[in-house]
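Asker: Requesting a structural model of the entry that follows:
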Amino acid sequence: IGKRTSESLCFFLIEVGKVEKTLEVLRQVLCEHSNFEPYAAFRRIDRRRHGLLHTDDIYTFLRENKLRHTTEDCEQLIRRYDLDKDDHLSFSEFLRIVLPLANKELRTETSRRKNYDIAVDEYLETDIETALARLLHREIIEEGRVEELRRTLCARPDYDLMGLFYLVDERRMGAIDFEVLKRFFAQHQMTMQVDDLVAILRRLDRNEDGSVDPIEFLYAVNPIDEEFQYKIFGEEESIIRRARRTEDPSNVRYMDYLDRTRVERGDRTVGRTTATGTPRKKGKGKKLAKAIGELLLVFKMIIRLEKELELVKEDLALQPDFNLIDAFRMIDVKNRGFVQPSAIQRELGRLGLSPSKEQVYLLVKRFNAVGDGRLLFVEFAEMIAPVSEEYYKKLTGRKARAVDFAGCAWDDIFEVGTLDSLRKAFCTHIENETAIEALRVRLAELKSLDLTAIFEQVDEEDSGLISLEALKEYAELNGFGFSKRDLSFLLLRFDRDKDAMINLSEWIQELSPKTASAPRKAEKCAASGR
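Answerer: Residues are numbered from 1 along each chain as shown. From the prediction side, this is the model:
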């Protein structure tokens with residue numbers, strides 16, 4: 001990354017902070033109206049009573065307040081706050097627009113106001129209606145300005161998203177917090193005020209944990225416009241297409257973070273552990289050490305994707321009319337007891353999805369234990385069923401329908417809401433596999449990466465096997481803190497023989513590219529109309 005691009009990133013981050021401070025003022029102005037209640041405001045915009053805000057809802061609300069924006073403008077606003085990437089805003093996502101972050105007391109007081117409903121033809125009090133409209137209007141204006149800055153940065157000849165992340169996170173800790181950001185600006189001879197740094201972090205920190213991980217950074221810097229999305233190296237579009245779901249809307253952890261003028265080094269837990277005095281394991285020089293850091297960062301990204309997928313599968317398992325056998329039989333139309341990639345692609349098409357052949361191949365490859373290029377029912381069940389025993393029991397305890405599936409449409413078998421959850425599960429699966437394949441390719445391009453050497457480092461006992469405990473200890477000694485639950489999601493991908501251990505063959509197989517050529521663009525699992 002050259003000096004001019006580095007300076008452009010500085011300018012971009014400073015402008016993002018200014019945007020956040022401007023919007024925070026408008027949030028506080030809105031919430032200082034004692035009769036402003038977030039749920040009533042949500043219902044005011046949700047005239048059609050869908051329980052969700054769509055592009056048309058915001059467009060209509062702004063027009064009714066004599067503020068003219070295009071539907072594309074309103075769509076961009078939704079994308080900014082649409083954490084689960086379902087093309088609309090839930091109430092919890094709406095709260096992220098209207099609740100202040102820099103005034104803990106006002107945020108808490110507003111969140112606790114008594115709910116009241118509003119009729120479909122009612123308006124909010126004039127001052128509240130105006131303040132809410134002004135906030136949404138300014139969000140659109142400022143987000144449009146930031147998008148132009150993203151495009152300018154993206155047009156730099158040496159633009160590299162992960163390179164930019166590491167430019168800030170120069171110590172490769174896997175997260176950008178207050179001190180890391182402060183140090184980055186200091187290196188550019190810029191002394192930033194505390195509130196300016198915190199404003200930048202607020203805007204970038206989508207999961208409100210006080211730091212910015214690679215996925216949040218990529219989402220913030222990469223242009224939202226799809227024309228630019230596919231301009232970047234392989235994994236970004238898939239990895240950043242969504243961030244983790246928001247916590248309870250009354251969560252004010254970020255406010256506690258703001259109460260501190262500095263973040264103590266020992267408080268930083270994202271992506272690493274605090275210093276314990278334990279010596280790190282020696283590698284085979286600086287190049288291997290760098291490759292180990294890259295590998296562990298890839299592990300972190302994979303874990304996050306797997307955890308997001310688990311949430312999606314749990315949502316599907318909660319649909320009372322969904323069961324695994326019926327879903328399998330809808331694909332296995334010839335009742336042969338297995339499904340081939342062509343059948344999966346055909347039925348995904350009937351569900352309104354349009355994955356490529358390579359994406360379906362990656363999906364089948366992930367769960368096909370015997371390597372014959374098709375999925376048995378037990379492998380299909382592993383793909384769809386949640387890992388959580390509680391949810392697994394709910395799902396597997398349901399009986400299949402005694403119907404003839406010949407000629408059946410999906411909506412003949414499952415309810416509309418269930419089909420939405422099923423589409424989301426398939427789409428998340430496919431996008432995850434595409435993203436992880438791009439990560440494998442990125443690792444393969446590292447000449448200093450020796451998978452066998454790293455395996456042997458983790459396997460201190462020379463047993464030919466890696467346990468969760470050994471992997472956890474190795475990650476900690478190299479600056480990454482993973483819980484056992486985190487690593488259990490990683491184990492699901494590596495442990496092909498289900499012995500709760502990773503052997504060398506499994507290690508290399510999982511970390512090696514599956515396709516003949518790396519997809520330089522992560523293809524999107526597109527749904528009709530999306």
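
Asker: can we go C-alpha only for contacts and neighbour counts from here?
Answerer: OK.

Asker: so which strand or helix has the closest residue to Asp411 other than its chain neighbours?
Answerer: Leaving aside its sequence neighbours, Asp411 sits nearest to Leu419 (C-alpha to C-alpha, 6 or more residues apart in numbering; 7.4 Å). Applying DSSP states H and E as the criterion places Leu419 in helix 416-444.

Asker: again, but for Glu15
Answerer: With DSSP H and E as the test, Glu15 turns up in helix 3-31.

Asker: Flag every buried residue along the helix or strand that that helix is followed by.
Answerer: Once helix 3-31 ends, the next helix or strand along the chain (criterion: DSSP H and E) is helix 38-45. Residues Pro38, Tyr39, Ala40, Ala41, Phe42, Arg43, Arg44, Ile45 are the ones in helix 38-45 that count as buried (16 or more other C-alpha atoms under 10 Å).

Asker: Reformat those residues into JSON lines and put distance to Pro100 next to each item.
Answerer: Shown next, in JSON lines, are the buried residues of helix 38-45 (distance: C-alpha to C-alpha, whole Å):
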{"residue": "Pro38", "distance to Pro100": "12"}
{"residue": "Tyr39", "distance to Pro100": "15"}
{"residue": "Ala40", "distance to Pro100": "17"}
{"residue": "Ala41", "distance to Pro100": "15"}
{"residue": "Phe42", "distance to Pro100": "16"}
{"residue": "Arg43", "distance to Pro100": "20"}
{"residue": "Arg44", "distance to Pro100": "20"}
{"residue": "Ile45", "distance to Pro100": "19"}
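
Asker: Closest one of those to Arg68?
Answerer: Nearest to Arg68 among these is Ile45, at 15.6 Å by C-alpha to C-alpha.

Asker: quick revisit: so who does the residue nearest to Asp411 touch?
Answerer: Counting by C-alpha atoms under 8 Å, 6 or more residues apart in numbering, Leu419 makes contact with Leu351, Trp410, Asp411.

Asker: Could you measure from Met501 over to Met383?
Answerer: From Met501 across to Met383, the span is 20 Å (C-alpha to C-alpha, to the nearest Å).

Asker: Pick out whichever of those two has more residues nearby.
Answerer: Met383 (20 against 16; other C-alpha atoms under 10 Å).

Asker: Provide the secondary structure category for that one.
Answerer: Three-state assignment for Met383 (DSSP: H, G, I helix; E, B strand; the rest coil): helix.

Asker: what's near enough to touch it?
Answerer: Contacts of Met383 by C-alpha under 8 Å, 6+ apart are Phe367.

Asker: wouldn't Ala175 be in contact with Asp169 here?
Answerer: Yes - at 6.7 Å, Ala175 and Asp169 qualify as touching, with contact defined as C-alpha atoms under 8 Å.

Asker: Of those two, which one has the most company?
Answerer: Set side by side, Ala175 and Asp169 show more neighbours around Ala175, with 25 against 21, by other C-alpha under 10 Å.

Asker: what residue ranges in the stretch 101-250 of the chain are flagged as low confidence?
Answerer: 225-250 (pLDDT under 70).

Asker: Can you show me the helices along it?
Answerer: 104-111, 126-154, 161-168, 178-187, 194-204, 214-221, 226-229, 236-239 (DSSP state H, counting those that start in this stretch).

Asker: Tell me the helices and strands packed up against the third one.
Answerer: On a contact count with 3 or more C-alpha pairs under 8 Å, 6 or more residues apart in numbering; DSSP states H and E, helix 161-168 meets helix 3-31, helix 178-187, helix 214-221.
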